[in-house]
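**Student:** sequence unknown, structure follows:
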Ligand code: KG4
Ligand code: ZN
């Protein structure tokens with residue numbers, strides 16, 4: 001028996017829609033997905049403007065649903081379950097996806113399922129050409145979260161450590177801003193870093209030797225600011241590139257060392273990296289090198305599925321249903337959870 005799941009993502013600045021098909025005993029298959037990114041719209045403001053984000057989701061979501069159905073050669077009537085991001089994220093933005101999903105479900109007489117955004121990221125490598133197997137350690141590195149989780153199966157997540165202040169993506173974004181780079185800063189900083197010397201500036205690696213699996217990135221932006229101020233007048237291109245490379249090296253070193261610590265502490269031999277920062281090539285190279293030496297397999301989402309998208313939401317819903325971890329609802333009442341720890345999923 002197969003189930004067709006429509007997934008809608010609208011938690012921040014990307015409207016994502018996707019169709020996934022599940023078949024018993026198989027990893028769900030991605031039939032089609034479409035994305036509209038609001039990056040250009042928010043760029044003028046140097047960050048996401050929540051009200052503008054919500055309004056744009058409203059404009060984009062229905063055309064994207066039609067596009068995905070057409071690409072997959074499916075009709076609305078063929079949809080078995082409508083999934084949406086229930087949280088965490090911007091409340092107004094989440095409400096758009098949740099409202100459309102529940103209205104569509106009610107109109108079609110099909111059940112709906114609210115999905116945890118981070119569970120979407122965490123499971124997204126299952127759509128890659130090299131899908132992982134449970135159990136594994138997950139390094140979740142996005143714009144809002146930096147967490148190490150022990151993952152035993154769908155919905156069975158134990159938090160091992162997390163950031164006590166800024167997320168890794170935030171550290172990239174804030175440092176990029178100090179270097180005069182645009183929004184979102186992560187990819188821009190990574191591009192500039194390619195031309196720089198990562199050893200040029202000594203930047204802090206907070207909590208590197210703390211003995212636990214927590215992270216702290218707030219001090220890094222202060223150090224970057226202090227260094228940037230030392231440049232006389234405006235920095236030359238090489239100084240900016242060197243500072244970008246040094247910043248990236250500091251973030252990546254902490255992420256790699258703490259991931260290795262989590263693997264050693266759990267005895268697991270598999271690491272899954274997910275979330276926007278998972279697209280960072282320096283992080284991938286260093287994790288691959290360090291894990292290969294230790295006989296650890298590393299899995300990533302496909303590059304285009306590292307940042308927010310609808311495919312991971314349809315996938316997470318499909319896997320929750322398949323594993324019996326969740327049952328879609330037909331009451332069509334909905335709420336959203338702007339703040340929602342992943343470990344609380346079991347009790348949601
Ligand atoms: O997962 P995501 O799309 O959204 C959240 O759920 O937060 O992650 C976005 C974050 C941003 O902070 C962005 O700067 C960062 O991921 N990011 C990167 C790269 N691509 C995206 N950071 C470093 N290097 C990249 N290549
Ligand atoms: Zn995300």
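**Tutor:** Received it, and whenever you're ready, just let me know what you need. Source: prediction; values computed, not measured. Ligands and ions are numbered 1, 2, ... in the order given.
**Student:** Sketch out the low-pLDDT regions of the stretch 151-300 of the chain for me.
**Tutor:** Under the criterion pLDDT under 70, the flagged ranges of the stretch 151-300 of the chain are 232-233.
**Student:** For it, which segments count as helices?
**Tutor:** Ranges of helices in the stretch 151-300 of the chain, per DSSP state H, counting those that start in this stretch, are 168-178, 185-193, 218-230, 237-266, 281-293.
**Student:** Would you reformat those helices as CSV and include mean neighbour count?
**Tutor:** In short, each C-beta sits where N, CA and C put it, glycine included. Shown next, in CSV, are those (neighbours: other C-beta atoms under 10 Å):
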stretch, mean neighbour count
helix 168-178, 25
helix 185-193, 22
helix 218-230, 17
helix 237-266, 21
helix 281-293, 16
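**Student:** Could you export the ones you listed to CSV, including columns for distance to residue 40?
**Tutor:** Shown next, in CSV, are those (distance: least, C-beta to C-beta, whole Å):
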stretch, distance to residue 40
helix 168-178, 16
helix 185-193, 14
helix 218-230, 25
helix 237-266, 22
helix 281-293, 24
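**Student:** Looking at those helices, which is nearest to residue 43?
**Tutor:** helix 185-193 (10.7 Å; C-beta to C-beta).
**Student:** and the closest one with ligand 1, contact?
**Tutor:** Yes - using C-beta under 6 Å from any ligand atom, helix 185-193 reaches ligand 1 at 185-187, 190.
**Student:** and that helix, anywhere near ligand 2?
**Tutor:** No - if you take C-beta under 5 Å from the ion as the test, helix 185-193 misses ligand 2, and the best it gets is 12.0 Å.
**Student:** so what secondary structure elements neighbour that helix?
**Tutor:** Applying 3 or more C-beta pairs under 8 Å, 6 or more residues apart in numbering; DSSP states H and E, one finds that helix 185-193 contacts helix 168-178, helix 237-266, helix 281-293.
**Student:** so where's the stretch 1-150 of the chain uncertain?
**Tutor:** For the stretch 1-150 of the chain (pLDDT under 70), the answer is none.
**Student:** Tell me the residues of it that contact ligand 1?
**Tutor:** Looking at ligand 1, the residues of the stretch 1-150 of the chain close enough under C-beta under 6 Å from any ligand atom are 12, 121, 142-144.
**Student:** Could you verify that residue 48 is part of a helix?
**Tutor:** No - read with DSSP: H, G, I helix; E, B strand; the rest coil, residue 48 is coil and lies in no helix.
**Student:** Now it, what are its backbone angles?
**Tutor:** In terms of degrees, to the nearest 10, the main-chain angles of residue 48 are phi -80, psi 130.
**Student:** so residue 256 touches residue 286, yeah?
**Tutor:** Yes - proximity of residue 256 to residue 286 meets the contact threshold set by C-beta atoms under 8 Å, at 4.9 Å.
**Student:** Looking at the stretch 1-150 of the chain, what residue ends up closest to ligand 1?
**Tutor:** The stretch 1-150 of the chain approaches ligand 1 most closely through residue 143 (2.8 Å), counting by C-beta to the nearest ligand atom.
**Student:** for residue 201, phi and psi?
**Tutor:** phi -130, psi 140.
**Student:** any idea how far the residue nearest to the spatial centre of the chain lies from residue 137?
**Tutor:** Central residue of the chain (C-alpha atoms, centre = their mean): residue 275, 2.7 Å from the mean position. Residue 275 sits at a distance of 14 Å from residue 137 (criterion: C-beta to C-beta, to the nearest Å).
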